[in-house]
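Q: Curious how this folds, go ahead:
(chains A, B, C and D)
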Number of protein chains: 2
Amino acid sequence: MATDSSPPAGSADPVASALTEIMLAVFRVNGRLLEQGDRLVAPLALTSARWQVLGAVALAGEPLSAPQIAEAMGVTRQGAQKQLNALEAAGMFARHPNPRHRRSPLYALTDLGQRTFTEAMALQQGWATRLSDGLQMQELQATLRLLDRLYERLGRQGDTP
Amino acid sequence: MATDSSPPAGSADPVASALTEIMLAVFRVNGRLLEQGDRLVAPLALTSARWQVLGAVALAGEPLSAPQIAEAMGVTRQGAQKQLNALEAAGMFARHPNPRHRRSPLYALTDLGQRTFTEAMALQQGWATRLSDGLQMQELQATLRLLDRLYERLGRQGDTP
DNA sequence: CCATATATGGAAACTGGTTGTCAATCTACG
DNA sequence: CGTAGATTGACAACCAGTTTCCATATATGG
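A: Here you go, the predicted model:
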């Protein structure tokens, strides 16, 4: 536990206080998801970050350039590039010539990369099934809706600097 | 947006798929919360991490040692120490002799540290109020409950290595 | 009283991400 | 054409956190 920090949270506005508690809950859950996600795919020589890169290209269904992968992942170009370089060294990606840009290769999954991603998906499926046991579809959907609304609001707020 | 990665998510078990989407939503929301939290307290020369250290000591109400602060924050001893060193250099913490351990000082908020934390709390209050406008108390509570349940499950699962 | 075990701080290396700079490439406009 | 601006990859510096290793302080037990 430990990640308490539970602030007074009850100064005045109870709705704001509830939201503050949700923020803290998101931090806690995020931490554990990353931790267990890493553990889940460690046997495949993957981390959560690299798994996500595989996913971006696998779901696109075609080779992508580094900037395209970065955009799909929601990280910076350089951040994605780091993982791409590592995954290429690990034999999960191969560079293909990019007809549209000489210096910017397209990254394609190798057989190993494709196989690894498929295995990771299977692991994830099992994990989510185990984890969701006994949860109500309705409450899951309600939570997802609220998180999405929150995400949208957080986006708009930050887009006006 | 961009952080799509929306996986097939519909292989078989719809509840597991919904949970998978919640996981992805948690990642997205977490990212934006950190981003905006940093922005929120930047005028106070704080980051989210340092704000959290101030909070740990402020809420304890008494000087704490580095390991105690680390435990309160849910991070490692060395991680907390890094921020403590930085905050001491910034004049927000002062070391006091620890009667119980010569090498392990107690860290106390200076006036500046106390003032800064109070201001950060005020900013956070306003932020949460703005962000929660129009949200229903009931849905916030339902979401908080689900996230807490999820956190608990994630904890138990990982505690058995 | 001493010996071993544990707690602690410090430093370094690592992960994953960011920003910034530079040079090379592309693109678009004049 | 040709040049100005936007993309892009490589590299370096940084933030936040982790693990690991070492040296010292403290605690416990013989």
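
Q: from here on, contacts and neighbour counts on C-alpha atoms
A: Fine.

Q: in which helix or strand would I find the residue nearest in space to the middle of chain A?
A: For chain A, the residue nearest the mean C-alpha position is A:Gln52 (5.9 Å; C-alpha atoms, centre = their mean). Here A:Gln52 is covered by helix A:48-60, with elements defined by DSSP states H and E.

Q: The following helix or strand past that helix and DNA strand D, any residue contact?
A: Along the chain past helix A:48-60, the next helix or strand (assigned with DSSP H and E) turns out to be strand A:64-65. Yes: Strand A:64-65 lies within reach of DNA strand D by C-alpha under 7 Å from any atom of the strand, at A:Ser65.

Q: Quick one: name whatever helix or strand follows strand A:64-65.
A: Next helix or strand after strand A:64-65 toward the C-terminus (DSSP H and E): helix A:66-73.

Q: got the angle between that next one and helix A:48-60?
A: 100 degrees (axes from the mean of the first three to the mean of the last three C-alpha atoms, to 10 degrees).

Q: CA atoms only for helix A:66-73, dumped as PDB, please.
A: The C-alpha trace of helix A:66-73 is given here as PDB (Å, rounded to 0.1, in the frame of the first residue of the first chain):
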ATOM      1  CA  ALA A  66       9.300   5.700 -36.600                       C
ATOM      2  CA  PRO A  67       7.200   8.900 -36.400                       C
ATOM      3  CA  GLN A  68       4.100   7.000 -37.300                       C
ATOM      4  CA  ILE A  69       4.700   4.500 -34.600                       C
ATOM      5  CA  ALA A  70       5.300   7.300 -32.100                       C
ATOM      6  CA  GLU A  71       2.100   8.900 -33.000                       C
ATOM      7  CA  ALA A  72       0.200   5.700 -32.600                       C
ATOM      8  CA  MET A  73       1.700   5.200 -29.200                       C
END
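
Q: tell me the average confidence for it?
A: Taken as a whole, helix A:66-73 carries a mean pLDDT of 90.

Q: Go through the residues of chain A and report the one nearest to DNA strand D.
A: DNA strand D sits closest to A:Ser104 of chain A, with a gap of 3.6 Å, by C-alpha to the nearest atom of the strand.

Q: so does whichever helix or strand A:Arg39 is part of get close to chain B?
A: Remark: A:Arg39 resides in helix A:14-41, with elements defined by DSSP H and E. Yes: on the criterion C-alpha under 8 Å from any C-alpha of the partner chain, helix A:14-41 is in touch with chain B at A:14-23, A:25-30, A:32-33, A:36.

Q: In a strand, A:Ala94, correct?
A: Yes: checked against DSSP: H, G, I helix; E, B strand; the rest coil, A:Ala94 lies within a strand.

Q: what's the distance between A:Gln78 and chain B?
A: To chain B, A:Gln78 is 16 Å away according to C-alpha to the nearest C-alpha, to the nearest Å.

Q: just A:Asn98 next, same as before
A: Applying C-alpha to the nearest C-alpha to A:Asn98 and chain B gives a distance of 22 Å.

Q: Tell me who's in contact with the closest residue to that residue other than its chain neighbours.
A: If the residues on either side of it in the chain are set aside, A:Asn98 comes closest to A:Pro105, at 4.9 Å by C-alpha to C-alpha, 6 or more residues apart in numbering or on different chains. Taking C-alpha atoms under 8 Å, 6 or more residues apart in numbering or on different chains, we find A:Pro105 in contact with A:Ser65, A:Ala66, A:Arg95, A:His96, A:Pro97, A:Asn98.

Q: on that earlier part again, the helix holding A:Arg39 versus helix A:48-60: what angle between them?
A: 90 degrees.

Q: coming back round to it: pull out the buried residues from the residues of helix A:14-41 next to chain B.
A: Using 16 or more other C-alpha atoms under 10 Å in any protein chain shown as the burial test, those include A:15-23, A:25-30, A:32-33, A:36 as buried.

Q: rewinding a little: quick check: the residue of chain A closest to DNA strand D touching A:His96?
A: No: using C-alpha atoms under 8 Å, A:Ser104 makes no contact with A:His96, being 9.3 Å away.

Q: Give me the residue ranges of chain A where confidence is low.
A: Across chain A, the ranges flagged by pLDDT under 70 are A:1-12, A:155-161.

Q: what residues does it put near DNA strand D?
A: Close to DNA strand D, as judged by C-alpha under 7 Å from any atom of the strand, chain A has residues A:Ser65, A:Ala66, A:Pro67, A:Arg77, A:Gln78, A:Gln81, A:His101, A:Arg103, A:Ser104, A:Pro105.

Q: at 6 Å instead, please
A: Counting by C-alpha under 6 Å from any atom of the strand, the residues of chain A close to DNA strand D are A:Ser65, A:Ala66, A:Pro67, A:Gln78, A:Arg103, A:Ser104, A:Pro105.

Q: where does A:Gly134 land in three-state SS?
A: Classified using three-state DSSP, A:Gly134 is coil.

Q: quick one on the thing from earlier: give the buried subset of the residues of chain A next to DNA strand D as a ChimeraX selection command.
A: Buried members of the residues of chain A next to DNA strand D, defined by 16+ other C-alpha under 10 Å, are picked up in ChimeraX with:
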select /A:65,66,67,104,105
